[in-house]
Every structure is written in structure tokens, then in C-alpha cells.
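Predicted model, plus sequence, below.
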Amino acid sequence: MPVVGMAHHNPTMRAVMRRGLRARGIRLVGCRGPEQLARVFQAELVDAVVVGAARARLENTLSLASRFPRVPVFLAGPFRPDDAALLLAYRRGGVRAILVDGVDDHAAAELVAARGASRLRRHALRDAPKLLRLTEPLQIRAWEEVLGRVGTATTTAHIAKALRVTREHLSREFAAGGAPNIKRVIDLARVVCAADLLANPGYSVATVARVLRFSSPSHLSGCAKRIAGASPMELPRLGLRGVLGRFLKGRMRSRL
């Protein structure tokens, strides 16, 4: 499950965000500041971060944004007209959007989820079902479930249980019509996500393997080789679309 890290003291916004994000399959993690947020990146699949605006936090927040540019950073606070220079410094440093205390409290979950890293990955892969020959409702539902579980060590049995079908039925029906088998698609989703994460300078291969719940960096390496014919370090150059393209060119069915 992806997480949103929040280092901002607004009990109302935090409570509403926690409920709203949970309904979208995202967990909120409370932090004391940018330094603790940075540690969350080392253990969890981070979808976005929300940081309270303060001049003392500017340097550390912008450092976080520069190390993880593909993860949106939201700035929150009770902003006043004389905060203009501070807000400009944050925006120039990579902060994506602003949440105003007392104004955006009840819409914060929707605003953050709509611009989170997982939503951007889904948008980049919006035509993947068609390219993978996934046309039946069960195939599409399984694809969505796989994407939602990309930060976990997912198996066919997990997907089948979520969809309330047997593992055997899911395996048979998912691969119908020339589609790849579901094990390959689970691997594809994880490697696509790894490619996106490794485009952030703050991530190492070992950290990405840990965040995506691979058993080891060598496990990630082997999976990347099977799916995209590339090493983990080559994945950022390929990008999400490049990984998908490699998969479509002869790697859809074989378990080599």
C-alpha cells in the first residue's frame, strides 16, 4: 500500500486526510519534519508528502524535493500575504502545490491523491490493458488490483482472493485471448514502478528493492532482466513506457 507522509500539525486536515486516503487505498504516515519524511522513503512506497511551511524547514524540504522529484511535495499552512517570498522559494525549489489550512482541510485527501505518484504512473500506463490484450471485465479488474498492490509481495492468490475467485480460475481467465499470464503482469507492474522510483536520485537499487518488497536487490535484478531485458540501473533510461515496450516485444509469456 502506498503512503503519504505528512509533517504538518493540523489535526483536522490530518484526520480528514487519513480517512480519505484510506478509502483510496493509501495510508497516511505522520512525521515530525522533513528529516523523518526522508526516512519514510527508505522503507515505504511514498505516493506524496505534505510539509508544513516554515522558513526553518525550507532547506530540508527542498532537499527532499530534489532527491525525489517524481514524488509530489505539497506545502501546507495558514498562509498570509507576507508569506509570498517564502512560498515562491518553496515553489521554485520543486514544491508542486499548496494546501491552505482552514480552506483545503476537507479536500486535501482528494487533492493529494489526484496528483500522487501512483496516479501519475496509472496515467502513463492508461493504454496498457489494450496493449496487453486485457479486454474482459475480470482481466481489467485484476490489472487494477495488481497496480494497487505494486508495493507489496503480491501473488496470484492475493489477487484472486481480492476478486473473490479461485486462483486457478483467475490464472486461466486472465491469460485468455492472447494476454500474458498474471504472474508476468505482476512482475511487469513491479518493474515499471522500479523504473519510476529509480529515476529519483534519492533512491538506490537496494532501497527500491526493499520498498517494493523484493526479497533482495538480486531478486529485483532478475525480475528486471526477465521483464525488460535490462539491469536495474538501466530502468530509469527506459522509463515506464520503455519497460512496457520491452515487455510487449517478446517477453509477455516466457518465464525465462
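Right, received. Where do you want to start? What you see is a predicted model, and the numbers here were worked out from it, not measured in a lab.

hang on, residue 18 packs against residue 26?
No: with contact defined as Cβ atoms under 8 Å, residue 18 and residue 26 do not form a contacting pair (9.7 Å). (Each C-beta comes from the backbone N, C-alpha and C, glycine too.)

Between these two, tell me which one has more neighbours.
residue 26 (23 against 18; other Cβ atoms under 10 Å).

do you know how far the residue lying closest to the more buried one once chain neighbours are set aside is from residue 176?
Leaving aside its chain neighbours, residue 26 sits nearest to residue 2 (5.3 Å; criterion: Cβ to Cβ, 6 or more residues apart in numbering). The gap separating residue 2 from residue 176 is 30 Å, by Cβ to Cβ, to the nearest Å.

Mind checking which of these two has more residues around it?
Neighbours per residue (other Cβ under 10 Å) separate residue 2 from residue 176, with residue 2 holding more: 24 against 13.

Provide a list of residues in contact with that one.
Going by Cβ atoms under 8 Å, 6 or more residues apart in numbering, residue 2 touches 25, 26, 27, 44, 45, 46, 47, 116, 117, 118, 151.

Read off the pLDDT value for it.
Reading off the confidence values, residue 2 has pLDDT 92.

Going by neighbour count, list what's buried in stretch 22-38.
By neighbour count on 16 or more other Cβ atoms under 10 Å, the buried set for stretch 22-38 is 24, 26, 28, 29, 31, 33, 34, 37, 38.

does residue 27 have beta-bridge partners, and which?
residue 3 (DSSP bridges).

Revised request: answer the last question for residue 48.
With DSSP bridges as the rule, residue 48 is bridged to residue 4.

other SSEs contacting the helix or strand hosting residue 236?
Counting by DSSP states H and E, the element that carries residue 236 is helix 235-248. On a contact count with 3 or more Cβ pairs under 8 Å, 6 or more residues apart in numbering; DSSP states H and E, helix 235-248 meets helix 117-124, helix 128-131, helix 182-198, helix 217-228.

Export the ones you listed to CSV and append columns for distance to residue 159 and mean neighbour count.
Formatted as CSV, the helices and strands packed on helix 235-248 follow (distance: least, Cβ to Cβ, whole Å; neighbours: other Cβ atoms under 10 Å):
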stretch, distance to residue 159, mean neighbour count
helix 117-124, 17, 17
helix 128-131, 15, 14
helix 182-198, 7, 24
helix 217-228, 17, 19
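
Output those as a markdown table; include the columns distance to residue 13 and mean pLDDT.
Putting the helices and strands packed on helix 235-248 into a markdown table (distance: least, Cβ to Cβ, whole Å; pLDDT from 0 to 100) gives the following:
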| stretch | distance to residue 13 | mean pLDDT |
| --- | --- | --- |
| helix 117-124 | 20 | 95 |
| helix 128-131 | 34 | 96 |
| helix 182-198 | 27 | 97 |
| helix 217-228 | 36 | 97 |
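
Compare these and report which one is nearest to residue 105.
helix 117-124 (20.9 Å; Cβ to Cβ).

and the closest one, how far from the chain's centre?
Relative to the centre of its chain, helix 117-124 is centred 7 Å away, using Cα atoms, centre = their mean, to the nearest Å.

Identify the residue nearest residue 78 in space, chain neighbours excluded?
That would be residue 101: by Cβ to Cβ, 6+ apart, it lies 4.2 Å from residue 78.
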